[in-house]
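Student: predicted model, plus sequence, below.
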Amino acid sequence: MRRPSPSAAALSTALLLAIGAPAIAQMPMSDALHGTGTPSDVQAGTYAIEPNHTQVTFSVSHMGISPFAGTFSGGSGSLTIDPTKPTAATLTVTMPIASVQTTSAKLTEELRSADWLDVAKFPTATFKSTSVTRIGPDSAQIEGNLTLHGVTRPATIRAKLFGAGANPMSKKASVGFLGRMAIRRSQFGVTKYVPLVSDETVLVINAAFEKQ
């Protein structure tokens with residue numbers, strides 16, 4: 001089987017994928033969308049994930065020709081944060097793997113199968129923080145351990161505060177973050193079609209939290 005040309009693979013990677021922690025640390029965190037509030041508007045305390053507005057999008061290079069993405073949803077977990085002591089924050093997030101969705105029903109079922117994510121055997125993925133380093137007035141690098149497909153490895157999230165304030169519907173103090181993580185899926189035992197479907201995988205995290 002012919003492998004994708006180096007130039008095609010490089011172009012796709014340059015457009016979308018970051019390889020490893022050094023690259024993810026340099027990925028821009030500015031976006032066209034902006035929330036309201038500043039770090040000083042974040043109330044200190046413990047927050048729970050608001051699952052209906054939390055999403056994880058994964059992106060891979062498809063045969064070096066085009067990027068392809070899917071989503072996970074329905075997460076749970078907690079964030080403990082004090083805006084005066086951002087490096088003391090702690091984060092735990094769990095995602096149900098069976099929530100995976102793509103634009104192809106057939107592919108979605110394949111991803112849930114034993115050939116890929118094996119949701120019957122490994123129903124969840126979990127990230128637990130180990131340290132937080134402030135890298136800007138509203139952004140931080142979160143080191144931790146990611147457990148996926150039964151394998152636990154160090155992983156890094158680069159996170160940026162998106163918004164903070166009282167949710168006008170629930171009236172609860174809320175915060176939202178945009179996060180990015182890059183992994184090699186083969187390191188977690190998900191090796192199907194590597195390298196035609198790239199080993200490098202970028203996760204974009206839209207996270208909503210409500211104060212408890």
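Tutor: Received the coordinates, thanks. Numbering: from 1, shown residues only.
Student: what helix or strand does Asn206 sit in?
Tutor: Assigned by DSSP states H and E, Asn206 belongs to strand 200-211.
Student: strand partners (parallel or antiparallel) of that strand?
Tutor: Paired strands of strand 200-211, with direction, are strand 45-49 (antiparallel), strand 55-62 (antiparallel), strand 173-184 (antiparallel) (DSSP bridges).
Student: what are the contacting residues of the second one?
Tutor: With Cβ atoms under 8 Å, 6 or more residues apart in numbering as the test, strand 55-62 has contacts from 9, 12-13, 16-17, 67-73, 75, 95, 185, 196-198, 200-206. Just so you know, the C-beta spots here come from the backbone N, C-alpha and C atoms, and that holds for glycine as well.
Student: buried stuff in that strand?
Tutor: 55-56, 58-62 (16 or more other Cβ atoms under 10 Å).
Student: would you list every one of the strands in the protein?
Tutor: Along the chain, counting by DSSP state E, strands occupy 45-49, 55-62, 66-73, 76-81, 90-96, 124-136, 139-148, 151-166, 173-184, 200-211.
Student: buried residues, the fifth one. List them.
Tutor: Put plainly, it is strand 90-96. Of all the residues in strand 90-96, those buried under the rule 16+ other Cβ under 10 Å are 90-91, 93-96.
Student: closest to Glu50 among those residues?
Tutor: Among the buried residues of strand 90-96, Val93 lies closest to Glu50 (Cβ to Cβ), at 12.1 Å.
Student: tally of neighbours for Asn52?
Tutor: 9 (other Cβ atoms under 10 Å).
Student: and it, how far is that from Arg112?
Tutor: Applying Cβ to Cβ, to the nearest Å, the value for Asn52 to Arg112 is 22 Å.
Student: again, but for Pro39
Tutor: Here Pro39 is placed at a distance of 39 Å from Arg112 (Cβ to Cβ).
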